[in-house]
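J.: sequence and computational prediction follow.
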Amino acid sequence: MDDKTINRIKDGSAVFASWTIALLFFFPIFWMVLTSFKTELQAIAVPPTLIFEPTLENYTLVQERTDYVKYAWNSVATSFGGTFLAMIIAIPSAFSMAFAPGKYTKDILLWMLSTKMLPAVGVLLPIYLIAQKFGLLDTQIVLIIIYALINLPIIMWILFTYFKEIPREILEASRMDGASTFSEIKDIVLPLSWGGIASTALLSIVLCWNEAFWSINLTSADGGTLTALVASFSSPEGLFWAKLSAVSTLACAPIVVFGWLCQKQLVQGLTFGAVK
Amino acid sequence: MNKSLTRFLQGPSIIVLLLWMIVPLGMTVYFSTIRYHLLYPERSGFIGLENYEFFYTDPAFWPALNNTLILVSSILFISVVLGLAVSVLINRPFFGRGLVRVMLISPFFIMPTVNALIWKNMMMNPIYGLFAVISHTFGQEPVDWLTDFPLLSIIIMVSWQWTPFAILIFMTSLQSEDGEQKEAAILDGAGFWARFYNLTLPHLARPIAVVIMIQMIFHLSIFAEIFVTTGGGPGFASTNLAFLIFSQALLQFDIGVASAGGVFAIILANIVAFFLIRIVGKSLMV
């Protein structure tokens, strides 16, 4: 065998391995979607049913029993709202930390991250009581505030690393030209780190969407998100795999499709140094 | 930038996080020193460190601490190593690469509760689950994953979700790797491992630090997967600190003891944060 053939075999097996791993990773999701179109009996058949007549009965049933659109809207509002709020607070802050670092900037950032390690369950009761006092239980607002707070440290820190990548000379030059701090942010920092900001926001949206602890414990019928909906189905319907799969598919589909659509952006933004 | 401007810009983020930390923390510390049981509201009053003693001597305390550390370290190890391997593997043009990428990162977008339900029911169920079916096909007795290997099952679920995150980060960083340098190394006769060790790994040092840091934060408080599948059992086999506190507070209604546990968890988190974040974080700040 000459070198060329060996290389070809190597390449071929690498492609084969890539596909195999990808299919293995994706399989559980595929299986969930497949199960959601089965009847309950087909769902637990051994050996598993692969060829069957798809039914929509599980989806109709989920829609009959709950208001999917309302839960979905709550998820959208809280994920985007929380992310937006956090970004507004984080961008100026991370900007100033990156371009005018003080003696304690590193420590502040590390401290911020350590608040993220605060175990939610340890502070659930105080937060619950506070939310109750302000009449915020079971509203979108309480989740928006909490999601902004729990994602703020990560957002701050990722933005900080992006802003650090911007060459200082550019800023100094603009300062020579008499640009104000505000226009520095608006005209130079934002355009240069747009990819980073967008991907940070996307990451935060995904994390908010999938957050389960606070939404289950602080909201129910009115402000409940899709994670709360899944949780409310999982105990009484735990044995009905097809219905459970249908509600799970409905809960995950928006964010998975959103992730697929934004994949390019996510990929471009996370290169850690697009402006190098 | 002058000082007052810096304060104006940084102030909001620091103040809100300070409030977010101090107010609940203060309340938690306060609750941890009083008698506060939802079923016995008539018993109240300051009891000092009794709740701490109770939580600390709970037979579940050491297993929970141990499980927390096992979960964090093994999931981190799996997702970083597997993430590196996969992202290096797909870092070349080939047929259907876009689709492969989409499939690989999809699990990251799945909710932890749904993740747990998929694995618990459709994969790991000892009678109807796919793993059982596969075992039968090969003439083996099916394994009751959640009963016999509860911690490993949780590790599998969480790794399935977070390895894609590592892949996503590594994959994007590999794209910015210097191609010319690599070609030069190939011309010099450097083999795959030499190139990986001397070029790729240093290039990925920062993304690896990012992945370790972000994941560590999430894995210290794994909750949904345990809640939905094993409920911390059998015994305390899959109870971590977050779940132990949860069961004290919401299943046994003892807010005092749960708060003491919360303080324990916060201290543990800060010890971990102090050592690991300092090591990892330093390499990110330079």
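T.: That came through fine.
J.: quick check, the residue in the stretch 151-286 of chain B closest to chain A?
T.: Closest residue of the stretch 151-286 of chain B to chain A, Cβ to the nearest Cβ: residue B:262 (2.3 Å). C-betas here are computed from N, CA, C, even on glycine.
J.: what helix or strand is that residue located in?
T.: helix B:255-272 (DSSP states H and E).
J.: I'd say the residue of the stretch 151-286 of chain B closest to chain A and residue A:122 touch.
T.: Yes. Here residue B:262 reaches residue A:122: they are 2.3 Å apart, a contact under Cβ atoms under 8 Å.
J.: tell me which of the two has more neighbours.
T.: residue B:262 (33 against 29; other Cβ atoms under 10 Å in any protein chain shown).
J.: average pLDDT across the helix or strand encompassing residue A:17?
T.: In this assignment (DSSP H and E), residue A:17 forms part of helix A:3-36. Here helix A:3-36 scores 87 as its mean pLDDT.
J.: quick one: that helix near chain B?
T.: Yes. Helix A:3-36 reaches chain B (Cβ under 8 Å from any Cβ of the partner chain) through A:11, A:14-15, A:17-19, A:21-23, A:25-26, A:28-29, A:31-32, A:35.
J.: can you pull the contacts of the residue of the stretch 151-286 of chain B closest to chain A?
T.: A:119, A:121-123, B:28, B:32, B:245 (Cβ atoms under 8 Å, 6 or more residues apart in numbering or on different chains).
J.: how about the helix or strand encompassing residue B:9: buried residues?
T.: Secondary structure assignment for residue B:9, by DSSP H and E: helix B:3-32. Within helix B:3-32, the residues scored as buried using 16 or more other Cβ atoms under 10 Å in any protein chain shown are B:6, B:9-10, B:13-14, B:16-17, B:20-21, B:24-25, B:27-28, B:31-32.
J.: picking that back up, which of the contacts of residue B:262 sits closest to residue B:198?
T.: residue A:119 (40.6 Å; Cβ to Cβ).
J.: burial count for the residue of the stretch 101-250 of chain B found nearest chain A?
T.: Chain A sits closest to residue B:103 of the stretch 101-250 of chain B, with a gap of 3.8 Å, by Cβ to the nearest Cβ. Applying other Cβ under 10 Å, we find 22 residues neighbouring residue B:103.
J.: dump the residue contacts of it.
T.: Counting by Cβ under 8 Å, 6+ apart, residue B:103 makes contact with A:22-23, A:25-26.
J.: and the one helix or strand residue B:62 maps to, does that touch chain A?
T.: Here residue B:62, judged by DSSP H and E, is contained in helix B:61-89. Yes. Under the criterion of Cβ under 8 Å from any Cβ, chain A is reached by helix B:61-89 at B:86, B:89.
J.: relative to helix B:255-272, how tilted is that helix?
T.: 40 degrees (axes from the mean of the first three to the mean of the last three Cα atoms, to 10 degrees).
J.: isn't there a helix covering residue A:223?
T.: No. Counting by DSSP: H, G, I helix; E, B strand; the rest coil, residue A:223 is not part of a helix but coil.
J.: tally of neighbours for it?
T.: For residue A:223, using other Cβ under 10 Å, the count is 23.
J.: check residue B:249 too.
T.: Neighbours of residue B:249 (other Cβ under 10 Å): 23.
J.: doesn't it fall inside a strand?
T.: No. Per three-state DSSP, residue B:249 lies outside any strand segment and is helix.
J.: does it touch residue A:121 like I think?
T.: Yes. Counting by Cβ under 8 Å, residue B:249 touches residue A:121, with 6.6 Å between them.
J.: what helices or strands is the helix holding residue B:9 leaning on?
T.: helix A:68-99, helix A:105-116, helix A:124-133, helix A:140-165, helix B:255-272 (3 or more Cβ pairs under 8 Å, 6 or more residues apart in numbering or on different chains; DSSP states H and E).
J.: pull the residues that contact the helix or strand just after it.
T.: Following helix B:3-32 in sequence order, the next helix or strand is helix B:50-57 (DSSP H and E). The contact list for helix B:50-57, computed with Cβ under 8 Å, 6+ apart, reads B:32-33, B:61, B:248, B:256-257, B:259-261, B:263-264.
J.: any buried residues in helix B:50-57, and which?
T.: B:50-52, B:54-55.
J.: quick check, the host helix or strand of residue A:245 touching chain B?
T.: Using DSSP H and E, residue A:245 maps to helix A:241-261. Yes. Residues of helix A:241-261 are located near chain B by Cβ under 8 Å from any Cβ, namely A:241, A:244-245, A:248, A:251-252, A:255-256, A:258-260.
J.: now the buried members of the residues you listed.
T.: A:241, A:244-245, A:248, A:251-252, A:255-256, A:258-259.
J.: tell me which two of those residues sit farthest apart.
T.: Taking Cβ to Cβ, the two most distant members of these are A:241 and A:258; they sit 25.8 Å apart.
J.: contacting residues for the one residue in the stretch 51-200 of chain A that gets nearest to chain B?
T.: Residue nearest to chain B within the stretch 51-200 of chain A: residue A:122 (2.3 Å; Cβ to the nearest Cβ). Counting by Cβ under 8 Å, 6+ apart, residue A:122 touches B:24, B:28, B:245, B:258-259, B:261-263, B:265-266.
J.: pLDDT and distance to residue A:188 for the residues you listed - can I get that in JSON lines?
T.: JSON lines is the format used below for the contacts of residue A:122 (pLDDT from 0 to 100; distance: Cβ to Cβ, whole Å):
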{"residue": "B:24", "pLDDT": "77", "distance to residue A:188": "38"}
{"residue": "B:28", "pLDDT": "79", "distance to residue A:188": "43"}
{"residue": "B:245", "pLDDT": "79", "distance to residue A:188": "46"}
{"residue": "B:258", "pLDDT": "79", "distance to residue A:188": "49"}
{"residue": "B:259", "pLDDT": "80", "distance to residue A:188": "47"}
{"residue": "B:261", "pLDDT": "80", "distance to residue A:188": "48"}
{"residue": "B:262", "pLDDT": "79", "distance to residue A:188": "44"}
{"residue": "B:263", "pLDDT": "81", "distance to residue A:188": "45"}
{"residue": "B:265", "pLDDT": "76", "distance to residue A:188": "42"}
{"residue": "B:266", "pLDDT": "76", "distance to residue A:188": "40"}
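J.: can I get the helix or strand encompassing residue A:172 as PDB, trimmed to CA atoms?
T.: Residue A:172 is part of helix A:168-176, with elements assigned from DSSP H and E. Coordinates of each C-alpha in helix A:168-176 appear next as PDB, following Å, rounded to 0.1, in the frame of the first residue of the first chain:
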ATOM      1  CA  ARG A 168      -6.200  49.200  23.000                       C
ATOM      2  CA  GLU A 169      -4.600  51.300  20.300                       C
ATOM      3  CA  ILE A 170      -8.000  51.600  18.500                       C
ATOM      4  CA  LEU A 171      -9.600  53.100  21.600                       C
ATOM      5  CA  GLU A 172      -6.700  55.400  22.300                       C
ATOM      6  CA  ALA A 173      -6.800  56.700  18.800                       C
ATOM      7  CA  SER A 174     -10.500  57.400  19.100                       C
ATOM      8  CA  ARG A 175      -9.900  59.100  22.400                       C
ATOM      9  CA  MET A 176      -7.400  61.400  20.700                       C
END
